[in-house]
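Asks: below is the structure, and that's it, no one-letter string:
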């Protein structure tokens, strides 16, 4: 099981949420060492956007990915201290069957887009070839690793992620489910995913069996401030700050709202909107 | 440009040819540091076979692969000292465009087979998708990395490498050339390859433009002994020892014979046979 | 907390005890991922001896060390399958404060000696300089990493490990305790250690506070056979086989005997002897 | 032989000088692959300072270090694109005898200080212990690796680098030379070093034999602009920009001035001053 976190809002030093929060993302992997939860020791990745240039142009997002366990990678601590960003994503990997290598670490990237995933395509070795054939030639050259997650991203791109994200993600899920059924796989997909394009965070919680990996967002900035009572950076956050994550950073129950099953979220320009999410079958 | 070396003969400690020879494989990468030749710093791999069991059964071959430069990987020195084998292969990688990761390091492996390659498929990003679709479903699950070399191996397997190696390699080359021509690539392939099955070394030197990467074999064990005058292990080598390699280990000219263009070799049971090699077009 | 395992007996394929046993060493780190116990994800190491040559001479021991988590290092699986040895040691590291790098991975080596440690020197940064000054110049060149464990080994060597192991280990502990006390550290050392010289395994369980890390040995080969009922290699083990380890491989209570506090063991030539262990103060 | 580069001036995107210049630092290591010069494949490091806060306070400098060859580390390309700084240093390592590990990669860091070195202490294993004993206890805890370079930094700190840099560096060199002579080492030290404190670059070119590793600085910003004729960032550089480096970035002869033997430089606030440099013997 992987973990991820995505942030949009006022420029924030990444270490605030990666290291300094109670039950931070890295804490979750560290706590695992104490036996509390699952270990995520198979690599990690950061993706972030710089401020747009004066002319409004956007540089492609930046990445730092490594196969070291997050808790003992010293460069990660440096990066989290150095990076201030108003749109970023972090991912910690627990490999299932694919090798620990940088090209299998999230976020995946194409142009201005970043993509992270928690979950799996069931019986992936069985479905992989057929799914790979659905990748549009224009995106095939981006295929570098061997994970189900990267393939999901390239399929979403092939189905139009850059033009109209939600239908593209719905078609991707539809394609996986149809391919799965063709090969006799009962519940082919389980996922929370997040795609970012430099302005928006687009997240989906969905699974064939309707028991998806969890996904949360902060209820309001007021609560974030309570999480970090002594942190002037957090105190200075705008009210249009949103944090999405696979597991709450803390036990403070009313700070977090669980995203319901089969739901998509779009966070942009200080607004967080919910949409029902349903797969779109191929040919539909 | 990669480098490789394959050995069959009396059991030999691997470090004899990897480290201790004049102009050894590692030396070639070390000498590169002195500006003599191309640097091979993007990973390496060893593959070797254990002696067959008393009942004649063969354990699958062993591998050690790493993305460290060969010259500063301490485990490689240990492994080369520890491994005694009568059939092994070593490969040092100079990445072209694909990432330095273990799954891109040679030798590739399937069942009892190992495979190494020096050379390239030209315009590989353009041809990759079409070539990938030709991999038989039975072998698709073995695809882990992103190199042209691994794909050549899986294609050769798909075309029957395990039953009849030379026609399978000829069909693989034919498929690459036909796919290349379909996409307007003038000289699609340049290669020396070596496939091993636990008993045989099967090597081919071929390129579309008939200017292939070099390939050499030792002329006779007598000459190997001259290369290592003070080495009791080499002195003890049987006369049916063969060493194939991408570049001679030394300047001693008459110790090495260059394999001609468009030629296949099979070394087994103390015999080295040459065959003319020509691609077999798909459908032929 | 680290884990280690040392074996002496009939030649055994290393994977039998590293991977195939119930509650194997790797299992222990894998189970950690399920929340059962502490994660050991900060590197590992193997050390082993080859059979002595016909003339009785012994090659220096071999090592494979890596900073990858043991559970996702593919080379470890290959090595464990390839290595058959009648004297070996394996160690899995959970770093305390020192970086994850190969030179901090156990076993440490000098000449024919290997050394592993589980435990710690308390307030090591405070004591490190003084302890380092006690390393004899002849051994100082071997210092490569930054762990307390490596320093303990070099101190033991400085105090005569190669001539008379038990007094040397007792002087090492005495030196650490005396240095600790001088700096106001209440309980300076907690350890199980194992030193091997190609013929013997010499292990000590000791701590200043008399609550040492655990250490176990198998009660008899009969019990080992029960642990691996279907394994012909285990069935073929001689009766003079000994396995020492930091945690039992299984729940089978009567298969393992806990080594008492303040005890040293020497296993050699089919015999396992116990000795009381007490530090020897410097100057004594 | 290592290579390094240090920059002070208007905020600059690091990739301008690391990747985009003709004969850039990475080019130098890449060109090595073509046989032109020495390969630097044993790791690298970046160190940089953020802009001081509004209240003038300075955050400790940031680092990114890795043991991958610089030419195939993808995170390095990302970092060089992401980092804009007005004071930074980059180092590419060619290991001599010490292992390739992050703690042996430059720059070394203590508080606000960064330090890089090209060159060597001759017969370092022989001198190491004595030199280590001269490290003041306050700095001993910073010792993490096993290089001569890190030790030189900790000695300079012990001799007062933070208070008065040039005498401290002179005492460090004096201590190394005196220790060398005591052990019969003829020419104990050869170095170009650079120490940075957030405001200044302090560099020294010196060797016992007066044939030091080379060191250059740009003659004027006018020439830098000629090196990158099409680069708007370079065109915008202030006139008080200084670039120090171990080898010129280009063949343009009058763009670079070689720093003479036995010379120290201090670059700060738009000024570059030269000082004669002579070792200060211990006790002097």
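Replies: That came through fine. Just so it is clear, the model here is predicted, and its values are computed rather than measured.

Asks: what does the helix or strand hosting residue A:65 contact?
Replies: In the assignment (DSSP states H and E), residue A:65 maps to strand A:62-66. Under the contact criterion Cβ atoms under 8 Å, 6 or more residues apart in numbering or on different chains, strand A:62-66 has outside partners A:43-50, A:73, A:75-76, A:79, A:102, A:105-107, A:109, A:114, D:74-75, D:78-79, D:81-82. (Glycine included, C-beta is placed from N, CA and C.)

Asks: of those residues, which belong to strands?
Replies: A:44-48, A:109, A:114 (DSSP state E).

Asks: what residues are up against residue A:243?
Replies: Contacts of residue A:243 (Cβ under 8 Å, 6+ apart): A:5-7, A:9, A:17, A:217-218, A:224, A:249.

Asks: filter those residues to the buried ones?
Replies: A:5-7, A:9, A:17, A:217-218, A:224, A:249 (16 or more other Cβ atoms under 10 Å in any protein chain shown).

Asks: what's the burial count for the residue lying closest to residue A:121 once chain neighbours are set aside?
Replies: Nearest residue to residue A:121 in three dimensions, chain neighbours excluded: residue A:148, at 4.0 Å (Cβ to Cβ, 6 or more residues apart in numbering or on different chains). As a burial measure, residue A:148 scores 23 neighbours (other Cβ atoms under 10 Å in any protein chain shown).

Asks: count of residues packed around the residue of chain A found nearest chain B?
Replies: Nearest residue of chain A to chain B: residue A:101, at 4.1 Å (Cβ to the nearest Cβ). Counted with other Cβ under 10 Å, residues neighbouring residue A:101 total 26.

Asks: in space, what's closest to it - neighbours in sequence excluded?
Replies: residue B:101 (4.1 Å).

Asks: my guess is the one you found meets residue B:68, correct?
Replies: No - the pair residue B:101 and residue B:68 fails to qualify as a contact (Cβ atoms under 8 Å) at a distance of 11.8 Å.

Asks: could you tell me how many residues sit around residue A:150?
Replies: 21.

Asks: wait, what's in contact with it?
Replies: A:103-104, A:108, A:143-144.

Asks: assign a three-state SS to the closest residue to residue A:183 other than its chain neighbours, would you?
Replies: Of all residues not flanking residue A:183 in the chain, residue A:126 sits nearest, at 5.2 Å (Cβ to Cβ, 6+ apart). Assigned by DSSP: H, G, I helix; E, B strand; the rest coil, the conformation of residue A:126 is helix.

Asks: cool, residue A:174 as well?
Replies: Residue A:174 ends up helix, using three-state DSSP.

Asks: got a list of what it touches?
Replies: A:279-282, A:284.

Asks: then residue A:260?
Replies: Residue A:260 touches A:205, A:274, counting by Cβ under 8 Å, 6+ apart.

Asks: could you rerun that using 10 Å?
Replies: A:205, A:212, A:215, A:274, A:276-277 (Cβ atoms under 10 Å, 6 or more residues apart in numbering or on different chains).

Asks: report how many residues lie close to residue A:60.
Replies: 16.

Asks: isn't it right up against residue A:48?
Replies: No - at 11.1 Å, residue A:60 does not count as touching residue A:48 under the criterion of Cβ atoms under 10 Å.

Asks: before we move on, back to that, which of the contacts of residue A:150 sit farthest apart?
Replies: A:104 and A:143 (11.7 Å; Cβ to Cβ).

Asks: neighbour count for the two, which is higher?
Replies: For the pair residue A:104 and residue A:143, the greater number of neighbours falls to residue A:104 (25 against 20), based on other Cβ under 10 Å.

Asks: tell me if I'm right that the more buried one and residue A:146 touch.
Replies: Yes - counting by Cβ under 10 Å, residue A:146 is a contact partner of residue A:104 at 6.3 Å.

Asks: for chain C, what's the nearest residue on the stretch 151-284 of chain A?
Replies: residue A:247 (14.1 Å).

Asks: just the element for that residue, please.
Replies: Residue A:247 belongs to no helix or strand, assigned by DSSP H and E.

Asks: just the buried positions in stretch A:123-140, please.
Replies: A:124, A:126-132, A:134-135, A:139-140.

Asks: so the residue of chain A closest to chain B is in contact with residue B:144, correct?
Replies: Yes - counting by Cβ under 10 Å, residue A:101 touches residue B:144, with 9.0 Å between them.

Asks: common neighbours of those two, please.
Replies: A:145-146, B:101-104.

Asks: ok, so of those residues, who is nearest chain D?
Replies: residue B:101 (9.9 Å).

Asks: one step back: of the contacts of residue A:150, which are in range of chain C?
Replies: Residues of the contacts of residue A:150 in contact with chain C (Cβ under 10 Å from any Cβ of the partner chain): none.

Asks: around chain D, which positions in the stretch 101-250 of chain A sit nearby?
Replies: Counting by Cβ under 10 Å from any Cβ, the stretch 101-250 of chain A sits next to chain D at A:102-103.

Asks: which bits of the stretch 101-250 of chain A sit near chain B?
Replies: So the stretch 101-250 of chain A meets chain B at A:101-104, A:124-126, A:128-130, A:132-133, A:135-137, A:139-146 (Cβ under 10 Å from any Cβ).

Asks: among these, name the ones in helices.
Replies: A:124-126, A:128-130, A:132-133, A:137, A:139-140 (DSSP state H).

Asks: redo the residues you listed as JSON lines? Include pLDDT and distance to residue B:13.
Replies: Converted to JSON lines, these look like this (pLDDT from 0 to 100; distance: Cβ to Cβ, whole Å):
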{"residue": "A:124", "pLDDT": "95", "distance to residue B:13": "41"}
{"residue": "A:125", "pLDDT": "93", "distance to residue B:13": "38"}
{"residue": "A:126", "pLDDT": "94", "distance to residue B:13": "43"}
{"residue": "A:128", "pLDDT": "95", "distance to residue B:13": "40"}
{"residue": "A:129", "pLDDT": "94", "distance to residue B:13": "42"}
{"residue": "A:130", "pLDDT": "95", "distance to residue B:13": "47"}
{"residue": "A:132", "pLDDT": "94", "distance to residue B:13": "43"}
{"residue": "A:133", "pLDDT": "91", "distance to residue B:13": "47"}
{"residue": "A:137", "pLDDT": "92", "distance to residue B:13": "49"}
{"residue": "A:139", "pLDDT": "95", "distance to residue B:13": "48"}
{"residue": "A:140", "pLDDT": "93", "distance to residue B:13": "44"}
